[in-house]
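> structure, please.
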Amino acid sequence: MKLADTLLAASPLHARNRLRFFQFGLLLLAAGAIYPLLYLRQNFETTILQSFQISSSDLGVFYSMLGVVYAVSYLPSGWLADRFPPRLLIAFSLSAVGGLGLWFATFPAYQALEIIFVGWGLAAGLTFWAALLKGVKMLAAANEQGRFFGILDGGRGLVEAVLASIALAIFAFHVEQGGEAKLALRQVIYLYSFTCLAIAVLILLFLDRGVAERASGAVRQRSLLADLRLLLGIPQIWLLAVIIFCGYQLFWATYSFSAYLQQGYGMSAVAAGFITVTKLWMRPIGGIGGGFLGDRISKEGVLGLCMLLASLSLFGLILFPGRAGIYFLLALVLLIGVLTYAIRGLYWALLDACRVPLSVTGLAIGLISVIGYLPDIFLPMINTAFAAHYPGVDGSRFYFAYIACCGLLGTAAVFYFKQLNKQGESVR
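Modelled structure (predicted):
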């Protein structure tokens, strides 16, 4: 008897809830393990540039390529999620990311890095993203959307923080023992790669016959074009895309904190890495806390407030004097971390308010993602352009200022989304 059957053999209600939470835990593990390898620059950017003998501009090109692949993958990703079981899509994605990571650990040439980043983009975008979000949405009841998506982001952040802490400890140990930073980085890459492969096995073994999988592959009544026309006619879909577009850029700013702390405040790579890894530990607090507050108070209200405060905090980081106290700087970085993680934990919870039919939920996720995650394409290039025109710390400050302004625009979009839903409820 399979695990899902065993869980359902007990009292139906409690068994079904246990099954939901068990499946949700597997999805959370997958989400927490798949992305850190792709965004290793968050904590090891300087070492990556030295080890691969590439420039900051080269790295920006790779991440722009990754963003382009994401952008063209999101819509077909939704189509796949409406037709194939999450177990197969997610397990394949984890296996591909882990396998390419082992190749990445050999420090291949520039052309090979292009292939690796394109492959990572397809694995994390085409076969993973919409399958993950649709699975979570279907596992959560209508009054649980905020907390489930909040726990998803907070929980995956906890997984990322644990892995990042282990990775930083491994890196620091090898460096302090007199080893090359390049060889220490290789051990970090191995850690993330084998973790992805191990979780892929767990997904294949245990994510079966569940709520999310039974709902996949439902009989289709409309054509793809008809489904797209239906979704494009929902105003909240467009607004949610704008909200994610702005909120995601606030999160992207945190990827540059490590380099900014080293350039602007003279910190060592290990000290800056310690602060950015500590920031990762804010993700469970921000994601889970924001999700529960959203369900209890108002998802739109909490999300709008977090976006406003995150934007203002970024302006504060820009104006923070280089010789000021390190503890205040740490507190500001951690505050931005909590706020951006709360934003990430809440914006997909608004999907339920868009009243999208379940049969096209994956397609809706893909459509929104095409617009919402466009920053993956252009933000690395904007960052590179600012760095080229304003060398040193000034380039980072202009970059943060641009993102903070986008955050203010997103705040306005959230409150308009809330007003539009109120008007719709009054009409009904």
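> lowest average confidence, helix or strand, in the chain?
helix 211-215 (a mean of 45; mean pLDDT, DSSP states H and E).
> OK, contacts around the residue nearest to Thr384 when sequence neighbours are not counted?
Closest residue to Thr384 apart from its sequence neighbours, by C-beta to C-beta, 6 or more residues apart in numbering: Gly60 at 4.1 Å. (Glycine included, C-beta is placed from N, CA and C.) Gly60 is in contact with 380-381, 383-384, counting by C-beta atoms under 8 Å, 6 or more residues apart in numbering.
> run the chain-centre distance for the strand or helix carrying Gly60.
Per DSSP states H and E, Gly60 falls inside helix 56-81. Distance of helix 56-81 from the chain centroid (C-alpha atoms, centre = their mean, to the nearest Å) equals 13 Å.
> ok so, going back, now render the contacts of Gly60 as a markdown table, adding pLDDT.
Formatted as a markdown table, these follow (pLDDT from 0 to 100):
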| residue | pLDDT |
| --- | --- |
| Pro380 | 81 |
| Met381 | 83 |
| Asn383 | 88 |
| Thr384 | 85 |
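> farthest-separated two in those?
Using C-beta to C-beta, those span at most 7.2 Å, a distance reached by Met381 and Asn383.
> who has more neighbours, these two?
Neighbours per residue (other C-beta atoms under 10 Å) separate Met381 from Asn383, with Asn383 holding more: 25 against 15.
> what's the longest helix along the chain packed up against?
Of all the segments assigned as helix in the chain under DSSP state H, the longest by residue count is helix 393-427. Packing partners of helix 393-427 (3 or more C-beta pairs under 8 Å, 6 or more residues apart in numbering; DSSP states H and E): helix 235-253, helix 257-265, helix 299-319, helix 375-389.
> how far is the last one from where the chain is centred?
Translated: helix 375-389. Centroid separation for helix 375-389 versus its chain: 19 Å, with C-alpha atoms, centre = their mean.
> quick check: which ranges of this structure have low pLDDT?
Within the chain, the segments meeting pLDDT under 70 span 1-16, 208-222, 321-325, 424-428.
> at 50 what do you get?
Residues of the chain meeting the criterion pLDDT under 50: 1, 7-8, 10, 210-219.
> now the helices and strands packed on helix 393-427 as a markdown table including distance to Ala130?
Formatted as a markdown table, the helices and strands packed on helix 393-427 follow (distance: least, C-beta to C-beta, whole Å):
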| stretch | distance to Ala130 |
| --- | --- |
| helix 235-253 | 14 |
| helix 257-265 | 29 |
| helix 299-319 | 21 |
| helix 375-389 | 15 |
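> indicate which one of these is closest to Ser95.
Nearest to Ser95, of all the helices and strands packed on helix 393-427, is helix 375-389, at 22.3 Å by C-beta to C-beta.
> what residues sit buried inside that closest one?
If you call a residue buried by 16 or more other C-beta atoms under 10 Å, then helix 375-389 has these buried ones: 375-377, 379-380, 382-387.
> same question, stretch 38-57
Result for stretch 38-57 [16+ other C-beta under 10 Å]: buried residues 38, 40-49, 51-52, 56.
> now do it: distance to the chain's middle.
That offset, for stretch 38-57, works out to 19 Å (C-alpha atoms, centre = their mean).
> and the end-to-end length of that stretch?
17 Å (C-alpha to C-alpha, to the nearest Å).
> show me the contact partners of it.
36, 59, 63, 66, 97, 107, 110, 113, 120, 124, 164, 167-168, 171, 181-182, 184-185, 188-189, 192, 254-255, 258-259, 262, 269, 273, 276-277, 384, 387-388.
> again, but for stretch 404-411
With C-beta under 8 Å, 6+ apart as the test, stretch 404-411 has contacts from 242-243, 245-247, 249-250, 304, 307-308, 310-312, 314-315, 318.
> what is the burial count for Phe417?
Phe417 has 25 nearby residues by other C-beta under 10 Å.
> and what of Ile343?
If you count neighbours by other C-beta under 10 Å, Ile343 ends up with 30.
> for it, which non-adjacent residue is closest in space?
Leaving out its chain neighbours, Ile343 is closest to Gly247 (C-beta to C-beta, 6+ apart), at 4.5 Å.
> isn't that neighbour right up against Ala342?
No - assessed by C-beta atoms under 8 Å, Gly247 is found out of contact with Ala342, at 9.9 Å.
> with neighbour numbers in mind, choose between these two.
Neighbours were counted for Gly247 and for Ala342 using other C-beta under 10 Å; Ala342 has more, 32 against 28.
> gap between the more buried one and Arg296?
The gap separating Ala342 from Arg296 is 14 Å, by C-beta to C-beta, to the nearest Å.
> re earlier: what angle do the helix holding Gly60 and helix 235-253 make?
Relative orientation of helix 56-81 versus helix 235-253 (axes from the mean of the first three to the mean of the last three C-alpha atoms, to 10 degrees): 150 degrees.
> between helix 56-81 and helix 375-389, how many degrees?
Helix 56-81 and helix 375-389 are oriented at 170 degrees to each other (the same axes, to 10 degrees).
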